[in-house]
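**Student:** Any chance you could fold what I've pasted below:
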Amino acid sequence: LTLNAGLAGGADTILIPEVPIDKAALLDHVSQIYKENKCAIVAVSESISLPQTGEASTYFTADGRSRYGGSAEAIARFLSESLEVDARHLVLGHLQRGGPPTAFDQVMATTLGSAAVDSLCKGKTEVFVSWDGSGVITV
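**Tutor:** Below you'll find the predicted structure:
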């Protein structure tokens, strides 16, 4: 999930449990990206081994079960302290909990999908459809 989200979202670095974290390489890479772009996006899997401890970040639920969680916050803190930059974290699951789609959302999605298929049927490629506030446009 983190790998796909990082690739789709254009992350500069993707931290997944299958690839051990080299602290020095991570700091060097993020520092370089930050210097070039004034920001860096790091996608973090909850089950990574943290560079600070070598262990995954976990917490206990109210019923006493252990869960992965807090890795993004820990990585943000690590980068902030190590590189002396403002690093923040965002939990994708929290961002995605925006509620069910409205009727307008559903109609717009269907309209855009239909327009995309129409464009393909007309032989148009390397274009995308968008909503300009009043209707569909092809760009």
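**Student:** looking at the chain, which helix or strand does the model trust least?
**Tutor:** None of the helices or strands of the chain scores lower by mean pLDDT, DSSP states H and E than helix 92-95, at a mean of 70.
**Student:** next structured bit after that helix?
**Tutor:** Downstream of helix 92-95, the next assigned helix or strand under DSSP states H and E is helix 103-121.
**Student:** Identify the residues contacting Asp86.
**Tutor:** Listed by C-beta atoms under 8 Å, 6 or more residues apart in numbering, the contact set of Asp86 reads Ser80. From N, CA and C alone the C-beta is placed, and that goes for glycine too.
**Student:** Name the SS class of it, please.
**Tutor:** coil (DSSP: H, G, I helix; E, B strand; the rest coil).
**Student:** Tally up the residues packed near the residue lying closest to Val91 once chain neighbours are set aside, please.
**Tutor:** Nearest residue to Val91 in three dimensions, chain neighbours excluded: Ala72, at 6.2 Å (C-beta to C-beta, 6 or more residues apart in numbering). Ala72: 22 surrounding residues under other C-beta atoms under 10 Å.
**Student:** what pLDDT does the most far-flung residue of the chain relative to its centre get?
**Tutor:** Most distant residue from the mean C-alpha position of the chain: Lys122, 34.1 Å away (C-alpha atoms, centre = their mean). Looking at Lys122, its pLDDT is 91.
**Student:** Next one: it from Ala116, what distance?
**Tutor:** From Lys122 over to Ala116 the distance is 11 Å, taken as C-beta to C-beta, to the nearest Å.
**Student:** Could you do Ala25 as well?
**Tutor:** Taken as C-beta to C-beta, the span from Ala25 to Ala116 is 40 Å.
**Student:** show me what contacts Ser88?
**Tutor:** For residue 88 the amino acid is Arg, not Ser. Neighbour list for Arg88: Ala76 [criterion: C-beta under 8 Å, 6+ apart].
**Student:** ok, it to Lys23 distance?
**Tutor:** 20 Å.
**Student:** same deal with Leu90?
**Tutor:** Counting by C-beta to C-beta - Leu90 and Lys23 are separated by 23 Å.
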